[in-house]
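>>> here is my input; please provide its structure:
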Amino acid sequence: MEAWVIEGGPPVFFRNRNVSKSDFEKAIGQTVTVEVHRARDGTLFGSLLKISFPDGKSLTSSPRA
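This next block holds a predicted model:
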């Protein structure tokens with residue numbers, strides 16, 4: 001497991017897709033799977049493409065993901 005810094009959209013982006021702050025809070029301490037565009041410099045930083053929460057809820061932020 002690795003700790004990454006992930007950049008996503010603003011709060012309204014998530015609200016419009018039925019993902020709330022409580023979805024993130026419930027996932028604290030659990031494994032969350034994400035797909036990202038990785039930073040060009042190879043650091044553990046990425047732009048969010050898709051996130052899957054432990055309860056099965058998921059969000060795609062790009063049509064390609």
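
>>> and the residue most central in space within the chain, what does it touch?
The centroid of the chain falls nearest to residue 51 when counting by C-alpha atoms, centre = their mean (3.9 Å). By C-beta atoms under 8 Å, 6 or more residues apart in numbering, the residues touching residue 51 are 8, 19, 32-35, 58-59. Every C-beta, even on glycine, is put in place using the N, C-alpha and C of the backbone.

>>> separation between residue 34 and residue 10?
17 Å (C-beta to C-beta, to the nearest Å).

>>> picking up where we left off before, ok, and the most crowded of the contacts of residue 51?
Of all the contacts of residue 51, the highest neighbour tally under other C-beta atoms under 10 Å goes to residue 59, namely 20 neighbours.

>>> surely it and residue 50 touch.
Yes. Counting by C-beta atoms under 8 Å, residue 59 touches residue 50, with 6.9 Å between them.

>>> buried residues, the longest strand along the chain. List them.
Ranked by residue count under DSSP state E, the longest strand found in the chain is strand 45-52. Neighbour-count burial for strand 45-52, counted by 16 or more other C-beta atoms under 10 Å, picks out 46, 48-49, 51-52.

>>> and stretch 7-17, by the same measure?
In terms of neighbour count (16+ other C-beta under 10 Å), stretch 7-17 has its buried residues at 8, 14.

>>> pLDDT and distance to residue 15 for the buried residues of strand 45-52 - can I get that in a markdown table?
Below are these laid out as a markdown table (pLDDT from 0 to 100; distance: C-beta to C-beta, whole Å):
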| residue | pLDDT | distance to residue 15 |
| --- | --- | --- |
| 46 | 96 | 22 |
| 48 | 95 | 15 |
| 49 | 95 | 19 |
| 51 | 95 | 14 |
| 52 | 96 | 18 |
